[in-house]
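K.L.:
pasting the structure only:
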């Protein structure tokens, strides 16, 4: 798997934090509450280890709810925001004020989750586009529920790598964690690493060791 | 493929047949396409919109999520979804003339998608779906789910809301009050010298007294969101959304009178009339932002009412 230097890792984390910061202020505006979001860590994983990591996050029935968008352009990726299923109801309750007391989200609640995913994924992809110096264009969000590997498998079964962002939300002083996966093929992954290196060269004049 | 001269009327013809609000903005946010659905539901005809800025037509959307979504489509090439749940009634669209006259907006779901033509021209497509039927269906579902749940939310003895119901409601109402900036009042009340009542008359009559007081008081809250609940033992609580503390105090005084008017004998009471009375503490959300602060404030007020001689209302 591709390894980033510490500097490259930190640069990407900072870039994503700027992106999700904008998403958080957009969400604060919608719900009239302070929403904060941060990306404490990122990692490059194989799809199998990404699925394993996602499984370890779940505390309930092991299922996740995922909101995905496909992006293409400078490079191609399936971006998916995932929460443990039992947390999705809590997010809806915090964002909307109340949630339907049902085991699964209702259609309207799923749509609200899709919008939350849309705001967040667009902001992360906006950060990536800045890094690449090229726009990406994307599809509208889709909502899925399933186990981690099922959700990740939507992107096909070829040899793929996953860039995982761990995301922490704070809404009304309640903390909820989720993950964003960017699924891409190996070429895209190497391209991305190259772009990170170029970005660092541009921004700090190649002071990288 | 038709020539470009013919394809524009064809395109207009097609979007006019589509049963979804459809409009296209150019890079300067001016309307370049507008379908019949939009004519029908906005009351603005396509001919009047041509080349006009979207925000001249819908000025209240400036600075809102829709403006951000349009900007993101035109400038960053990214699509957006505006859900009905998180964006209530963004555009002044109406199901029909009667709804427009009453000002009842349609429930909307909006998508904003960037459109790129080969020659670097950037447009965005806005699609508006009417989701009123889905929203109504879900409201019905919600009511049924809540009704089902309420069967486990009632106090066995008195038939009023139980503590679990109270906990859920106070949480929901403090959130709502904070979000909407509306006042919320909470009353905590209990029956004066109730332990002495139980000791004197026995527990069965104690239960009957609780039932009588609960049934007299629980009919006094008129609005659906008001909640009268048994908090525990001889303690009750009343949640009054959209009610400032002074209005709650008036209601509390009426509740004290109502219990006195029951004239339930209470030989062990130390009040002059030897009847069952209650004390009430009232707190308003303006001096408490969090649930526990509001409950604490109402509790303190109740303690004060007791300390000042019972059979009275005290507010904080």
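P.N.:
Sure, I can see it. Only a predicted model underlies this, so the values are computations on that prediction, with no experimental measurement involved. Numbering: from 1, shown residues only, chains lettered A, B, ... in the order given.
K.L.:
Ramachandran coordinates for the residue in the stretch 151-300 of chain B that chain A sits nearest to?
P.N.:
Residue nearest to chain A within the stretch 151-300 of chain B: residue B:179 (5.4 Å; C-beta to the nearest C-beta). Glycine gets a C-beta too; all of them are placed from N, C-alpha and C. Residue B:179 adopts backbone torsions of phi -70, psi -40, taken as degrees, to the nearest 10.
K.L.:
and what of residue A:21?
P.N.:
Torsion angles at residue A:21 (phi, psi; degrees, to the nearest 10) stand at phi -60, psi -40.
K.L.:
What does the pLDDT read for the residue of the stretch 151-300 of chain B closest to chain A?
P.N.:
We have a pLDDT of 83 for residue B:179.
K.L.:
how close does it sit to residue A:94?
P.N.:
11 Å (C-beta to C-beta, to the nearest Å).
K.L.:
repeat for residue B:190
P.N.:
Between residue B:190 and residue A:94 the computed distance is 33 Å (C-beta to C-beta).
K.L.:
hang on, the earlier thing: shouldn't the residue of the stretch 151-300 of chain B closest to chain A be in contact with residue A:34?
P.N.:
No - the criterion here is C-beta atoms under 8 Å, and residue B:179 misses it with residue A:34 at 12.0 Å.
K.L.:
For the chain, which residues score under the pLDDT cut-off?
P.N.:
I'll assume chain A. For chain A, the stretches with pLDDT under 70 are A:1, A:99, A:157-158, A:205-209.
K.L.:
wrong chain, I was asking about chain B
P.N.:
Along chain B, the model assigns pLDDT under 70 to residues B:1-5, B:150, B:287-288.
K.L.:
where along chain B do the helices fall?
P.N.:
For chain B, applying DSSP state H gives helices covering B:4-17, B:36-42, B:46-49, B:54-57, B:65-71, B:97-102, B:132-150, B:163-180, B:194-201, B:203-218, B:245-262, B:291-307.
K.L.:
Dump the ones you listed into JSON lines; add mean neighbour count as well.
P.N.:
As requested, the helices of chain B are exported to JSON lines (neighbours: other C-beta atoms under 10 Å in any protein chain shown):
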{"stretch": "helix B:4-17", "mean neighbour count": "12"}
{"stretch": "helix B:36-42", "mean neighbour count": "20"}
{"stretch": "helix B:46-49", "mean neighbour count": "14"}
{"stretch": "helix B:54-57", "mean neighbour count": "17"}
{"stretch": "helix B:65-71", "mean neighbour count": "20"}
{"stretch": "helix B:97-102", "mean neighbour count": "12"}
{"stretch": "helix B:132-150", "mean neighbour count": "13"}
{"stretch": "helix B:163-180", "mean neighbour count": "18"}
{"stretch": "helix B:194-201", "mean neighbour count": "17"}
{"stretch": "helix B:203-218", "mean neighbour count": "17"}
{"stretch": "helix B:245-262", "mean neighbour count": "17"}
{"stretch": "helix B:291-307", "mean neighbour count": "19"}
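K.L.:
Now distance to residue A:77 too, for these, in CSV please.
P.N.:
Listed next are these as CSV, based on distance: least, C-beta to C-beta, whole Å:
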stretch, distance to residue A:77
helix B:4-17, 32
helix B:36-42, 34
helix B:46-49, 37
helix B:54-57, 31
helix B:65-71, 21
helix B:97-102, 43
helix B:132-150, 31
helix B:163-180, 36
helix B:194-201, 67
helix B:203-218, 58
helix B:245-262, 55
helix B:291-307, 42
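K.L.:
Could you point out which of those sits nearest residue A:146?
P.N.:
helix B:132-150 (22.9 Å; C-beta to C-beta).
K.L.:
near chain B, which residues of chain A?
P.N.:
Counting by C-beta under 8 Å from any C-beta of the partner chain, the residues of chain A close to chain B are A:26, A:29-33, A:69, A:73, A:92, A:95-98, A:100-102, A:106-109, A:111-112, A:114-116, A:118-119, A:122, A:125-126, A:129, A:135-141, A:172.
K.L.:
Please flag which of those sit within helices.
P.N.:
The members of these that map onto helices under DSSP H are A:26, A:29-31, A:92, A:95-96, A:107-109, A:111-112, A:114-116, A:118-119, A:122, A:125-126, A:129.
K.L.:
ok but residue A:149 is inside a strand, no?
P.N.:
No - the assignment for residue A:149 is helix, going by DSSP: H, G, I helix; E, B strand; the rest coil, so no strand is present there.
K.L.:
check contacts around it.
P.N.:
A:47, A:48, A:51 (C-beta atoms under 8 Å, 6 or more residues apart in numbering or on different chains).
K.L.:
The last one touches residue A:148, doesn't it?
P.N.:
Translated: residue A:51. Yes - contact criterion C-beta under 8 Å: residue A:51 and residue A:148 qualify, at 4.5 Å.
K.L.:
Many thanks, I have nothing further to ask.
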